[in-house]
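**Q** the amino acid sequence is not available; the structure is as follows:
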DNA sequence: CTGTGATTTCTGTATATACTGAAATCGCAG
DNA sequence: CTGCGATTTCAGTATATACAGAAATCACAG
């Protein structure tokens, strides 16, 4: 299972991208390999294709499974695990967003809520205001995502396709409801 | 300029978040400190507040300036640089998005375009299709952003505020319940 | 020019993380 | 139970990156 030259370049680039976004290079490479592969691969296939230790692949696969990006499947009469990932880019994207929200954004929102209260108690109006702004911003973004993820994928794609064009369909600007 | 206990917690959390997203911890902390500070700070103020070497602050500030997140200002009769960042969270967010697009997504789109062509030339239909899907996806997302960034901030906020509610305004397309 | 404070650059070191290879564990067949 | 392939865990090592402190540079006042 030696990837072609092109596949290899893709995998290397993806690994590079991963590490820039806080994802372990090998983890990203494993995912890229599975994404390109037409059929599920064993851990050993992967180790060989990427020239990394078997144990390293094992860890990376577990990580990818925890992120719900990779699934293990089985074959009759074969005790090995076969790993695969979705080929639907939108699905992958939404999974990553979902996970990063759950693991990082939601806890951060909780912390900021607490810190805003603390700053208020400490009578630090400036700090309070800025922490609260950040808190409100993340909540807003989170709420937006929560609504979006409920939409059928086709609608989602359509919205992205429209781009700024959606403004055409909006009713004339009413004063936005400002809450405290 | 010793930050209060709450401010400190905010800064530490932000540093932690930064490193999860591929941003140097100190860089993120410096930005967090400036975000909370009511007025511009000197590099020395920052080094003291964060207990890091002056040189480290210098490097981090340069990085933040390259990202257009921090600006240097000056005061009459004072040779030192004073550094500040916007207190507008939306503005900060859009700046980060813009920069990451320019530095990472756009180059990636270019690479994927080339790789898709290569794979096609190599007669690898499966690989070609998957690289092309990824390429198309990133282009779509990029195009969407390009259109969105042209909108006035007020419209942008309004769209986020609407969330999935926008679908209510879309013409001629099957959607759950309700009619426009 | 010279001196001085501010700032940056540079080099070596520390630290966090990734990674390997070996050992331990698992799960099943015989 | 025993043996064996598959997988995971673990401990030590390697590597990449962050960081400190010293040296160099800069900018300007006198």
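**A** Cool, the structure landed. Values in this document were obtained by computation on a predicted structure and should not be read as measured data.
**Q** where do the strands sit along chain A?
**A** Residue ranges of the strands in chain A, as given by DSSP state E, are A:70-75, A:78-85.
**Q** and the first one with chain B, contact?
**A** By that I understand strand A:70-75. No. Contact of strand A:70-75 with chain B (Cβ under 8 Å from any Cβ of the partner chain) is absent, the minimum separation being 15.3 Å. Heads up, the C-betas are built off the backbone N, CA and C, glycines and all.
**Q** so which elements touch the longest helix along chain A?
**A** When chain A is parsed with DSSP state H, its longest helix is helix A:125-148. Counting contacts by 3 or more Cβ pairs under 8 Å, 6 or more residues apart in numbering or on different chains; DSSP states H and E, helix A:125-148 is packed against helix A:106-121, helix B:5-20, helix B:25-36, helix B:89-100, helix B:153-162.
**Q** 6 Å instead?
**A** Counting contacts by 3 or more Cβ pairs under 6 Å, 6 or more residues apart in numbering or on different chains; DSSP states H and E, helix A:125-148 packs against helix A:106-121, helix B:89-100.
**Q** identify, out of these, the most deeply packed stretch.
**A** helix A:106-121 (a mean of 17; mean count of other Cβ atoms under 10 Å in any protein chain shown).
**Q** can you pull the pLDDT of residue A:122?
**A** Looking at residue A:122, its pLDDT stands at 93.
**Q** apologies, that question was intended for residue A:27.
**A** 97.
**Q** surely it touches residue A:59?
**A** No. Counting by Cβ atoms under 6 Å, residue A:27 stays clear of residue A:59, with 8.3 Å between them.
**Q** please say which of the two ends up with more neighbours.
**A** More crowded of residue A:27 and residue A:59, by other Cβ atoms under 10 Å in any protein chain shown: residue A:27, with 23 against 14.
**Q** how near is the closest residue to the more buried one other than its chain neighbours to DNA strand C?
**A** Using Cβ to Cβ, 6 or more residues apart in numbering or on different chains and skipping the chain neighbours, the partner closest in space to residue A:27 is residue A:60 (4.5 Å). Counting by Cβ to the nearest atom of the strand, to the nearest Å, the separation of residue A:60 from DNA strand C is 7 Å.
**Q** ditto for residue A:131
**A** Distance of residue A:131 to DNA strand C, given as Cβ to the nearest atom of the strand: 25 Å.
**Q** tell me the residues of chain A that contact DNA strand C?
**A** Within chain A, the residues that sit near DNA strand C (Cβ under 7 Å from any atom of the strand) are A:24-27, A:51-56, A:59-60, A:79.
**Q** kindly identify which of the residues you listed also come near DNA strand D.
**A** A:54, A:55, A:59, A:79.
**Q** scan the residues you listed and report the most crowded one.
**A** Neighbour-wise, these (other Cβ under 10 Å) top out at residue A:59, 14 neighbours.
**Q** hmm, back to that, nearest to DNA strand D, of the ones next to DNA strand D among the residues of chain A next to DNA strand C?
**A** Nearest to DNA strand D among those, counting by Cβ to the nearest atom of the strand, is residue A:55 at 3.0 Å.
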